[in-house]
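> coordinates for the following, if possible.
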Amino acid sequence: MSDSIVIIPTYNEIENIEKMILKVFSLSFNFDILIVDDGSPDGTAEVVKRLQQRFFKRLHLIEREGKSGLGTAYIAGFKWALQAGYEYIFEMDADFSHNPDDLIRLYKTCSEEGADVAIGSRYISGVNVVNWPIMRVLLSYFASKYVRLISGMNIKDTTAGFKCYRRKVLETINLNKIRFKGYAFQIEMKFIAYKSGFRLKEIPIVFINREAGTSKMSGDIFGEALFGVIQLKWHSLFHPYPKTNDTNPECNHHQ
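Numbers count the residues shown, from 1 in each chain. So this is what the prediction gives:
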């Protein structure tokens, strides 16, 4: 068994899922994969089950009833991965907007460079986004600036969803108390890790807009992120956060 597992939530990703699984398993480093499928009517889970026969014990599947949100899919995946004993737990999209080759860089950022959370960042070296409409680029970029201002986190890409967590981070965070489901989930996880004293480090990636399938972005998801960060900051003023035992203020939340 690998010490690393890549969690990929899916809903109607039949055009991407087989290519993504084969690509991750072709990497020079040994990653396992956990697909969390929210009852895709297009047969995404059936493709995964077929591939499980080929990649026995490396490819895993959680099937959920209906579409319950990105955050709850990842929480289910985190709990499964912790139970299974993985040390490095990754988040990645199924649609190739995240380049699977970067998984190895994220892994090394945690395993060799001492980060507790490695973040694939679109904005740490300019704006590295391909094929997005300019309004969406501006929305995402300034949303991250807004989150930094409100939260105090020194993170350029606060809504990034391409990440590696060390096991101890997910063990420290009370996963049952994570409140948000959409992009605000990504902010909330980073914020709690930051407030708990873990080391967050960004590495530059190029984000490429999906070529197959349809985006899951909606106004509700954006609104949750906009107002959610204010709720997070307000809550943090009155509630203590769990603390990691190896806090070192010199390395916390710096690039």
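
> so where do the helices sit in the protein?
17-25, 44-54, 70-84, 102-111, 134-151, 167-172, 183-195, 219-238 (DSSP state H).

> and the fourth one with helix 17-25, angle?
Here helix 102-111 runs at 50 degrees with respect to helix 17-25, directions being taken by axes from the mean of the first three to the mean of the last three CA atoms, to 10 degrees.

> winner for burial among the helices of the chain?
Burial of those is given as mean neighbour count (mean count of other CB atoms under 10 Å); helix 183-195 ranks first at a mean of 24. C-beta coordinates here come from the backbone N, C-alpha and C atoms, glycine included.

> quick one: closest of the helices of the chain to Ile208.
The closest of the helices of the chain to Ile208 is helix 102-111. By CB to CB, the value is 11.4 Å.

> about what we covered before: worst average pLDDT in the helices of the chain?
For the helices of the chain, mean pLDDT drops lowest on helix 219-238, to a mean of 75.

> rewinding a little: Serialize the helices of the chain to JSON lines and add fields for distance to Ala94.
Below are the helices of the chain laid out as JSON lines (distance: least, CB to CB, whole Å):
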{"stretch": "helix 17-25", "distance to Ala94": "5"}
{"stretch": "helix 44-54", "distance to Ala94": "8"}
{"stretch": "helix 70-84", "distance to Ala94": "11"}
{"stretch": "helix 102-111", "distance to Ala94": "14"}
{"stretch": "helix 134-151", "distance to Ala94": "19"}
{"stretch": "helix 167-172", "distance to Ala94": "21"}
{"stretch": "helix 183-195", "distance to Ala94": "16"}
{"stretch": "helix 219-238", "distance to Ala94": "17"}
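
> which of the ones you listed sits closest to Met1?
With CB to CB as the criterion, Met1 lies closest to helix 70-84 of these, at 8.0 Å.
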